[in-house]
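Participant: the following comprises the amino acid sequence and a computationally predicted model.
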Amino acid sequence: MSGRLIGVGVGPGDPELLTLKGLRVLTNADEIFVPVGDTGEVGRAEAVVRAHLEPGRITRLLFALSDDAAARAENWTNAARAVAEPLEKGRTCAFATIGDPNLYSTFTYLIRAVKGMVHNVKVNTVPGITAMQDLASKSGTVLALGEERLALFPFTAGRTALRSALDSFETVVCYKGGGRLGEVLEVAKEAGRLEAATYGSRLGMEGEEIVRASEMLGREGAYLSTVIFKSGRTV
């Protein structure tokens, strides 16, 4: 009998933003898995879980960032094998992921790999608070009101896609890939959308930074950066 795999969104980094349902699922799970990079440092998801549960209950899965497709595939295969073992014994496994498990999450890739190994595995998700919600709250930004529309992009979407969104949507949010921050801010400046933009990184964690996006010109953003572009600053 196959077990159950549950992706738990633990929020952007602040342990207090883990939902009650997320905490209950993590507490009751037979196995708890968290992603870890090849540096071995405690990641955001693991830090949130550690704030609520004993570290001894946590199993780390290596998801090293690499441009090598073969290395990435090997990481996914190894992670899936680690999760497949307890699933095949009928156990309930929870995978903690920052933000929401259905939004730019490693959990989606894990599911694909696990389903190739475990037949009829049951999969569920617990939604989590996203970085854009946290940044909006802390900066006093209203994400959308009335008939306003919101577009969400990765930093890597490219100039053309971003410019089109900035020209068409009242609110545009960019996620992750902060190494492309300079290019993104340049496009926003050309579109006249830079001055009303807000930048945030390491939300809910030590070293949190929330500033006007224009202050980031000439600086490289953290990988997990968020920028909110508004057509006009809303308080």
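Facilitator: Okay, I see it.
Participant: now the chain, which segments are flagged as low pLDDT?
Facilitator: 1, 39-40, 65-67, 232-235 (pLDDT under 70).
Participant: strands along that one, start to end?
Facilitator: Using DSSP state E, the strands of the chain run over 4-9, 31-36, 58-62, 92-97, 122-126, 150-154, 171-175, 197-201, 209-212, 225-230.
Participant: between those strands, which gets nearest to Ser105?
Facilitator: Using CB to CB as the measure, strand 92-97 is the one of those that comes nearest Ser105, at 4.8 Å. From N, CA and C alone the C-beta is placed, and that goes for glycine too.
Participant: how distant is the closest one from the center of its chain?
Facilitator: Here the centre of strand 92-97 is set off from its chain's centre by 15 Å, with CA atoms, centre = their mean, to the nearest Å.
Participant: and if you look at stretch 152-168?
Facilitator: Distance, centroid of stretch 152-168 to centroid of chain: 19 Å (CA atoms, centre = their mean).
Participant: could you pull out the buried residues of that stretch?
Facilitator: Of all the residues in stretch 152-168, those buried under the rule 16 or more other CB atoms under 10 Å are 152-153, 155, 157, 162, 165-166.
Participant: with stretch 37-55 instead?
Facilitator: 42-50, 53.
Participant: sorry, back to before: and the buried residues of stretch 152-168, which is closest to Phe95?
Facilitator: The nearest member of the buried residues of stretch 152-168 to Phe95, counting by CB to CB, is Leu152 at 22.4 Å.
Participant: check contacts around that closest one.
Facilitator: Going by CB atoms under 8 Å, 6 or more residues apart in numbering, Leu152 touches 132, 172-173, 175.
Participant: which of the residues you listed count as buried?
Facilitator: Buried among the contacts of Leu152 (16+ other CB under 10 Å): 132, 172-173, 175.
Participant: chain neighbours aside, what residue packs nearest to Leu150?
Facilitator: Leaving aside its chain neighbours, Leu150 sits nearest to Thr171 (4.4 Å; criterion: CB to CB, 6 or more residues apart in numbering).
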